[in-house]
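Enquirer: just coords:
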């Protein structure tokens, strides 16, 4: 696979057109989305949107693939199949409760009400600096002092610890204005929908509307969030090793809200993922936070980080799973510490009467882990709101995978042995991958990377159990609770120490409604200084130890007893079809429809090496029949965007999706500028050919107006004839 940006002369030479033919390029045939050939005898549930590369299920012969894919035009639109329509429900800047509809909407939760009404809960994850800055004045109705702030910070390296500034420093009001505005665009929102002849639309003035943002509770103490479970004892401790914000177990706001899930009893779980961009992630042995100074405020025109710094937020209070009740806008919002603190991206809930409550989640980082929470008490009625109390006591476990397709769960408790994966394990695969563990000097916060087995053995000689790494730290009735809380607060490093399997960024988990299996989207097997996925477990279709395109795994769990086993197998692989993949890259959010078919959206994060896959997209993976094992492209997003949070209405007539960060990377499209790319593709006979592709430079979605900044938003997709989506 090759990708290159071509000059005009190179384009003409590639196509066999002389450089003097100025009109020839304008007359080139453009491949429009929406058309598709047949797929033999298989009945298509819809006419797939044409992806930018040949697929096994496109129904075309090799010659037709070469002819039709020789050129391709990427569009800055949300493309859906013929006979379907996508309608905008809400967009960044729309009024919402006491605030506004936030930026970079992600997870969506649809919950029906009576009388053709429903609630839609929305996560607002993070700020894309370029498009946020370009569109803020239009979306919000007032400008921000972004350029004066950037210039003022430039002499200080682009960042500053706000506490170090004098009270009258002119930087303070500039920073507070920008940081407050950004925090107001993050968090969680709830809107009400009503259904009419033309489908779902937003219902204004609803009593259910709610806005929980990054600073909720800062000025209104009644709006602070609560913490349940052992970490609350850590937050209340009066003599921590590290930073104490003085709020006890009360918490200011929520941000980095990415994926999520809906419980059987009707509450919504919202996952705080990349919180480390805004507050310090590292904690001390007692679970207390590093100083806010460790994550200074930054705005240099490209990065907007450290938003917690101006407000002295304690980093150990972020990175949790947040529960709220959309039907009760006055109810408490709770961060459940028994579910662990890490870069949460996924959650799936299993509630069966007479059994413990089980919650699965993943940590989205290279070398992150798959987790399982098991409650102490059993579920009586899966629909009982009292089940939220089960999330306060139990055990958090982490997965250890075996190469033979089996695995087991390790409890993250003080008695658990320290037995991390040694560096020599990775050396067998030609890698130099240090083992990252809680820092050996337990008076210091954070981690250290051990590069040799000798160093690791010495470490394990000093710390034999997790209780040794996270000691009691004093007496009193809360001492053991604080010890367990410290382990949960530092769950990722504790899991490394316990020997959990390093995974390739587990981004979503979902329960198969037909057989109860857990489906997991592993988005990419890569590596960085913080870790890598285990190459003994996660390998590409031809044994590749670094597979950048990801997989979907099916995990059949055993019972919920301590140390129980599970079985696993890969059921779908991302990647190019001629390399063993299904045609998408970086599987992200998952959703099952009522028939048990799997829907999947991709997030290749603007990686230029993956440009061959085109814009991020939504795919259907049929459960059974002639199309089982194939991936059908249902939608393609605008330029630079990620499609997120797919969910369905009660009648399966509408697919809701979030269009996140359109234009990220290249920003606002000023006119009709396009970039020409050349991609080397392979047809179904194995013959390689070159594709000329035209790609818009930036985005104007959803307006489509040149030079108008793009805005994230939520859409509803339905069939024009009103039938079910796959009817």
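Expert: Cool, the structure landed. These numbers come from a predicted model, not from an experiment.
Enquirer: For residue 587, which residues are in contact?
Expert: With contact set as CB atoms under 8 Å, 6 or more residues apart in numbering, residue 587 has these partners: 507-508, 521-523, 550-552, 572, 574, 600-602. Using the backbone N, CA and C atoms, a C-beta is placed for each residue, glycine as well.
Enquirer: May I see the buried residues of the helix or strand residue 89 falls within?
Expert: Using DSSP states H and E, residue 89 falls within strand 84-91. For strand 84-91, burial by neighbour count (16 or more other CB atoms under 10 Å) applies to 84, 86, 88-91.
Enquirer: TSV for the contacts of residue 587, including neighbour count and secondary structure?
Expert: Shown next, in TSV, are those (neighbours: other CB atoms under 10 Å; DSSP: H, G, I helix; E, B strand; the rest coil):
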residue	neighbour count	secondary structure
507	27	strand
508	31	strand
521	31	strand
522	27	strand
523	26	coil
550	30	coil
551	24	strand
552	21	strand
572	22	strand
574	32	coil
600	27	strand
601	29	strand
602	29	strand
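Enquirer: Tell me the one of these nearest residue 498?
Expert: When these are ranked by distance to residue 498 (CB to CB), residue 522 comes first, at 20.3 Å.
Enquirer: Identify the bridge partners of the closest residue to the closest one other than its chain neighbours.
Expert: What sits nearest to residue 522 in space, not counting adjacent residues and going by CB to CB, 6 or more residues apart in numbering, is residue 504, at 4.5 Å. Judged by DSSP bridges, the bridge partners of residue 504 are residue 366.
Enquirer: Would you mind measuring from residue 504 to residue 574?
Expert: 11 Å (CB to CB, to the nearest Å).
Enquirer: Next, show the common contact partners of those two.
Expert: Both residue 504 and residue 574 are in contact with 547, 550-551, where contact means CB under 8 Å, 6+ apart.
Enquirer: Least confident of the residues you listed?
Expert: Lowest pLDDT among those: residue 547, with 94.
Enquirer: Was I right to think it contacts residue 537?
Expert: No. If you go by CB atoms under 8 Å, residue 547 and residue 537 don't touch, sitting 11.5 Å apart.
Enquirer: Have a look at those two and say which one is more surrounded.
Expert: Between residue 547 and residue 537, counting by other CB atoms under 10 Å, residue 547 is the more crowded of the two (26 against 19).
Enquirer: quick one, strands of the stretch 151-300 of the chain?
Expert: Here the stretch 151-300 of the chain has its strands, by DSSP state E, counting those that start in this stretch, at 159-160, 187-196, 199-202, 210-212, 225-228, 250-251, 257-262, 268-272, 297-299.
Enquirer: Run through the residues that contact the nearest residue to residue 95 once chain neighbours are set aside.
Expert: The shortest distance from residue 95 to any non-neighbouring residue, by CB to CB, 6+ apart, is to residue 101 (7.6 Å). For residue 101, the contacting residues are 90-95, 122, 189, 191, by CB under 8 Å, 6+ apart.
Enquirer: Now do the helices in this protein.
Expert: Taking DSSP state H as the criterion, the chain carries its helices at 8-14, 62-68, 129-140, 146-154, 171-184, 231-236, 423-427, 453-462, 466-469, 479-489, 491-498.
Enquirer: To residue 114, which of those helices lies closest?
Expert: Proximity to residue 114 (CB to CB) singles out helix 171-184 among these, at 32.3 Å.
Enquirer: Is it correct that residue 279 is in contact with residue 295?
Expert: Yes. At 5.6 Å, residue 279 counts as touching residue 295 under the criterion of CB under 8 Å.
Enquirer: Residues that sit against both of the two, list them.
Expert: Common neighbours of residue 279 and residue 295 (criterion: CB under 8 Å, 6+ apart): 306, 308-309, 315.
Enquirer: on that earlier part again, can you say which of the strands of the stretch 151-300 of the chain is nearest to residue 657?
Expert: Taking CB to CB, strand 199-202 is the member of those nearest to residue 657, at 12.6 Å.
Enquirer: Pull up the pairing partners for the closest one, direction included.
Expert: When sheet partners are counted by DSSP bridges, strand 199-202 sits next to strand 187-196 (antiparallel).
Enquirer: what's the angle from the strand it pairs with to strand 268-272?
Expert: Orientation check (axes from the mean of the first three to the mean of the last three CA atoms, to 10 degrees): strand 187-196 against strand 268-272 gives 140 degrees.
Enquirer: Just the buried positions in strand 187-196, please.
Expert: For strand 187-196, the neighbour count (16+ other CB under 10 Å) marks 187-193, 195 as buried.
Enquirer: Contacts only, for residue 170.
Expert: Applying CB under 8 Å, 6+ apart to residue 170 gives the contacts residue 152.
Enquirer: Break down the stretch 601-727 of the chain into its strands, ranges please.
Expert: Using DSSP E, counting those that start in this stretch, the strands found in the stretch 601-727 of the chain span residues 617-621, 632-636, 642-648, 654-660, 674-682, 688-696, 713-719.
Enquirer: what's near enough to touch residue 570?
Expert: Residues near residue 570 by CB under 8 Å, 6+ apart: 551-554.
Enquirer: Please read the previous query as pertaining to residue 389.
Expert: Contacts for residue 389 (CB under 8 Å, 6+ apart) come out as none.
Enquirer: Can you give me the distance of it to residue 485?
Expert: Look at residue 389 and residue 485: by CB to CB, they are 18 Å apart.
Enquirer: Tabulate the helices of the chain (a markdown table), appending mean neighbour count and distance to residue 202.
Expert: Below are the helices of the chain laid out as a markdown table (neighbours: other CB atoms under 10 Å; distance: least, CB to CB, whole Å):
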| stretch | mean neighbour count | distance to residue 202 |
| --- | --- | --- |
| helix 8-14 | 14 | 45 |
| helix 62-68 | 17 | 39 |
| helix 129-140 | 20 | 16 |
| helix 146-154 | 16 | 29 |
| helix 171-184 | 19 | 20 |
| helix 231-236 | 24 | 36 |
| helix 423-427 | 16 | 50 |
| helix 453-462 | 14 | 55 |
| helix 466-469 | 21 | 48 |
| helix 479-489 | 24 | 38 |
| helix 491-498 | 26 | 38 |
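Enquirer: any chance of those in JSON lines, plus distance to residue 646 and mean pLDDT?
Expert: Below are the helices of the chain laid out as JSON lines (distance: least, CB to CB, whole Å; pLDDT from 0 to 100):
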{"stretch": "helix 8-14", "distance to residue 646": "37", "mean pLDDT": "33"}
{"stretch": "helix 62-68", "distance to residue 646": "28", "mean pLDDT": "97"}
{"stretch": "helix 129-140", "distance to residue 646": "22", "mean pLDDT": "98"}
{"stretch": "helix 146-154", "distance to residue 646": "33", "mean pLDDT": "97"}
{"stretch": "helix 171-184", "distance to residue 646": "26", "mean pLDDT": "98"}
{"stretch": "helix 231-236", "distance to residue 646": "32", "mean pLDDT": "98"}
{"stretch": "helix 423-427", "distance to residue 646": "35", "mean pLDDT": "95"}
{"stretch": "helix 453-462", "distance to residue 646": "42", "mean pLDDT": "98"}
{"stretch": "helix 466-469", "distance to residue 646": "38", "mean pLDDT": "98"}
{"stretch": "helix 479-489", "distance to residue 646": "30", "mean pLDDT": "97"}
{"stretch": "helix 491-498", "distance to residue 646": "27", "mean pLDDT": "98"}
